[in-house]
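Engineer: I'll drop the sequence and a predicted model, then ask my questions.
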Amino acid sequence: MTPTLQHFSQYLHCSFSSWRSKTSLLTDDVSRLLFTLSAVFALFWCAWNFLKSKNQTSLLPPGPKGLPLLGNLLALDPDLHSYFAGLSQTYGPIFKLWLGNKLGIVVNSPSLAQQVLKDYDVTFANRDVTVAARFATYGGCDIVWTPYGDEWRMLRKVCVTKMLSKITLDSVYTLRRREVRQTVSYLYSKSGSAVNLGEQMFLTTLNVITSMMWGGTVEGDERASLGAEFREIVAEITELLGKPNVSDFYPGLARFDLQGIAKQMDGLAGRFDGIFDRVIGEQAKGGGEKRKDFLDFLLRLKDENDAKTPFTMNHLKALLMDMVVGGTDTSSNTIEFAMAEVMNQPKVMNQIQQELEAVIGKHSIVEESHIHKLPYLEAVVKEALRLHPALPLMVPHCPSETCTVGGYTVPKGSRVFVNLWAIQRDPTMWEDPFKFDPDRFLNNKWDYSGSDFGYFPFGSGRRICAGIAMAERMVMYLLATLFHSFDWELPPGEKLDLSEKFGIVLKKKIPLVAIPKPRLSDPALYE
Ligand code: HEM
């Protein structure tokens with residue numbers, strides 16, 4: 001019985017018995033009449049409450065029927081992005097799922113994405129912090145998971161102005177160049193043999209990011225060994241971040257950590273923490289020596305101790321974590337998908353190489369300044385990000401108050417998935433949506449600003465990706481270099497596979513292994 005009903009029946013019982021004792025002169029008929037009237041009133045009360053609650057839930061979006069207590073948990077497919085796209089065929093552009101106690105809302109159309117990310121931008125600019133995310137990011141105090149407000153603004157400003165701005169990126173081009181040249185010379189040394197491209201791209205982007213963060217501090221062999229350690233940890237962290245976790249759906253059970261996700265994440269974050277402590281310690285040992293990297297800037301910011309929005313050691317480490325986890329896999333997987341799609345279409349590969357030869361020639365090497373002169377390659381990258389967006393469901397958003405989207409109620413605190421992957425393959429928007437066709441981007445109609453809700457691979461609105469400028473440069477520069485310096489072939493007997501594996505960051509199900517064949521005129525260009 002609900003508390004209201006219980007109170008009501010207690011009230012009926014008490015008032016009825018006291019009334020009885022005081023009115024001994026009244027007949028049994030009168031008392032029966034009064035009892036019947038009260039019962040009828042109670043029935044109406046119940047019916048009204050039932051209808052009211054039914055009316056409220058019927059405003060929620062439609063969705064598949066779930067089991068009591070479990071909701072739709074048992075039906076979830078591990079490839080959530082394509083599973084959600086399939087459900088939207090049945091339930092329409094917005095539908096709900098019960099993930100245990102947690103209400104999930106999935107949005108699958110451009111117009112509804114616009115409502116969430118533009119019309120109600122501020123309301124939805126919050127996150128539903130998962131247990132895994134909390135363990136990964138020092139309690140969720142990084143940019144990705146901090147709720148919308150002063151602290152988030154401070155963190156984002158620090159990153160965007162000090163590390164990811166155009167001016168900073170221009171000033172550290174030599175670092176990117178050094179890492180890219182190292183990769184080219186490694187690939188040259190492997191000419192004619194099979195190379196795991198995703199792994200190489202991960203190491204390159206990681207080295208670029210870590211040299212921007214603490215480039216002045218960690219050198220030589222230690223950087224290479226850190227690379228291998230980081231790749232393993234980042235891969236495991238992104239996998240755990242995308243895994244449905246019972247602790248999120250039944251907070252009462254969180255302390256039992258039934259799937260062991262909190263424990264695993266704690267261990268992985270601990271390994272990162274050890275690396276961060278080591279690097280911060282090295283920085284301190286550097287004494288008064290003036291360093292210009294991001295870590296040095298963050299350490300000074302922490303020591304300034306702004307009382308209004310303090311920047312703590314946890315913030316510092318959580319930001320380093322965002323850069324490493326948010327900036328590596330996303331960019332390297334995009335490059336890997338683009339390479340695979342291009343290798344699948346020799347015509348596209350030819351066209352890219354012709355453009356590169358026209359702009360750079362075969363007697364010189366690609367510089368980052370060339371990338372703005374390569375419209376066809378840019379179209380290839382955009383098309384790769386359309387078909388294989390790095391974050392297929394973005395980072396789920398969470399409304400800070402109940403609101404209406406597409407005519408349905410989206411309650412405060414629900415977990416909102418914007419299915420970017422499905423929107424960018426929507427047949428009403430895209431002709432032949434499953435075909436890899438860079439030509440569709442040659443008209444310059446779409447960009448990365450998030451202003452068109454049919455194409456927004458970096459998100460849109462306040463929570464749009466903080467690293468677009470850096471991602472764009474790294475992906476373009478690396479792809480231009482790979483296609484300019486080498487021809488690429490599959491190992492004999494291998495077939496190209498383009499299937500995807502869902503995680504918070506989308507991966508190729510089978511890693512791309514390919515053979516580089518040098519194509520430049522002079523071996524010195526590979527040194
Ligand atoms: C191809 C590469 C990349 C893609 C496709 C990508 C895409 C995205 C997307 C879709 C979001 C979520 C937006 C939302 O939930 O509304 C995001 C968030 C974010 N990205 Fe990226 N990203 C890439 C590379 C990077 C890089 C290189 C960095 C930094 C080094 C970075 C840093 C971030 C951060 C900090 C956020 C959280 C923003 C916030 O919550 O305020 N990303 N990214």
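Structural biologist: It's in.
Engineer: tell me the pLDDT at Lys162?
Structural biologist: Lys162 is assigned 86 on the pLDDT scale.
Engineer: ok, now which ones touch the residue of the stretch 201-350 of the chain found nearest the ligand?
Structural biologist: Closest contact between the stretch 201-350 of the chain and the ligand, by Cβ to the nearest ligand atom, is at Gly327 (2.9 Å). In short, each C-beta sits where N, CA and C put it, glycine included. Gly327 makes contact with 205, 209, 467, 470-471, according to Cβ atoms under 8 Å, 6 or more residues apart in numbering.
Engineer: which among those residues are in contact with the ligand?
Structural biologist: 467, 470-471 (Cβ under 6 Å from any ligand atom).
Engineer: Out of these, which comes closest to the ligand?
Structural biologist: Gly467 (2.2 Å).
Engineer: For that closest one, grab the count of nearby residues.
Structural biologist: For Gly467, the count of nearby residues is 21 (other Cβ atoms under 10 Å).
Engineer: okay but it is in contact with Ser165, surely?
Structural biologist: No. Gly467 is not in contact with Ser165 according to Cβ atoms under 8 Å; the separation is 11.0 Å.
Engineer: Spell out which helix or strand contains His81, please.
Structural biologist: helix 80-91 (DSSP states H and E).
Engineer: Which residues of this structure lie near the ligand?
Structural biologist: By Cβ under 6 Å from any ligand atom, the residues of the chain that approach the ligand are 143-144, 156, 322-323, 326-327, 330-331, 334, 385, 390-391, 394-395, 457-459, 463-467, 470-471, 475.
Engineer: Just those residues: which are in helices?
Structural biologist: Members of these lying in helices (criterion: DSSP state H): 156, 322-323, 326-327, 330-331, 334, 385, 470-471, 475.
Engineer: follow-up on the earlier one: just the buried subset of the residues of the chain next to the ligand, written out for ChimeraX, thanks.
Structural biologist: In ChimeraX syntax, the buried subset of those is picked out as below (16 or more other Cβ atoms under 10 Å):
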select :143,144,156,322,323,326,327,330,331,334,385,390,391,394,395,457,458,459,463,465,466,467,470,471,475
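Engineer: so His363 makes contact with Asp522?
Structural biologist: Yes. Using Cβ under 8 Å, His363 is in contact with Asp522, at 6.7 Å.
Engineer: quick one: which of the two has more around it?
Structural biologist: Asp522 (12 against 9).
Engineer: Next, give phi and psi for the more buried one.
Structural biologist: phi -130, psi 120 (degrees, to the nearest 10).
Engineer: could you check the distance from it over to the ligand?
Structural biologist: As judged by Cβ to the nearest ligand atom, to the nearest Å, Asp522 and the ligand stand 32 Å apart.
Engineer: mind listing what that residue touches?
Structural biologist: Asp522 is in contact with His363, counting by Cβ under 8 Å, 6+ apart.
Engineer: now do 10 Å
Structural biologist: Applying Cβ atoms under 10 Å, 6 or more residues apart in numbering to Asp522 gives the contacts 362-365.
Engineer: repeat for Phe202
Structural biologist: Phe202 neighbours (Cβ under 10 Å, 6+ apart): 196, 227, 230-231, 234-235, 328-329, 331-333, 335-336.
Engineer: Spatially, and excluding backbone neighbours, which residue is closest to it.
Structural biologist: Ser332 (4.2 Å; Cβ to Cβ, 6 or more residues apart in numbering).
Engineer: ok, how many other residues are close to the one you found?
Structural biologist: Around Ser332 there are 28 residues (other Cβ under 10 Å).
Engineer: Quick one: low-confidence residue ranges for the stretch 151-300 of the chain.
Structural biologist: Along the stretch 151-300 of the chain, the model assigns pLDDT under 70 to residues 216-226, 286-291.
Engineer: Try it again at 80.
Structural biologist: Scanning the stretch 151-300 of the chain with the threshold set as pLDDT under 80 gives 215-229, 283-292.
Engineer: Could you do the stretch 1-150 of the chain as well?
Structural biologist: In the stretch 1-150 of the chain, residues with pLDDT under 80: 1-58.
Engineer: what's the neighbour count on Gly192?
Structural biologist: 9.
Engineer: do Lys495 as well
Structural biologist: Lys495 is flanked by 6 other residues according to other Cβ under 10 Å.
Engineer: List the contacts of the closest residue to Arg156 other than its chain neighbours.
Structural biologist: In space, and not counting its chain neighbours, Arg156 is closest to Ile143: 5.3 Å by Cβ to Cβ, 6+ apart. Residues counted as contacts of Ile143 (Cβ under 10 Å, 6+ apart) are 137, 151-160, 315, 318-319, 321-323, 326, 463, 466-467.
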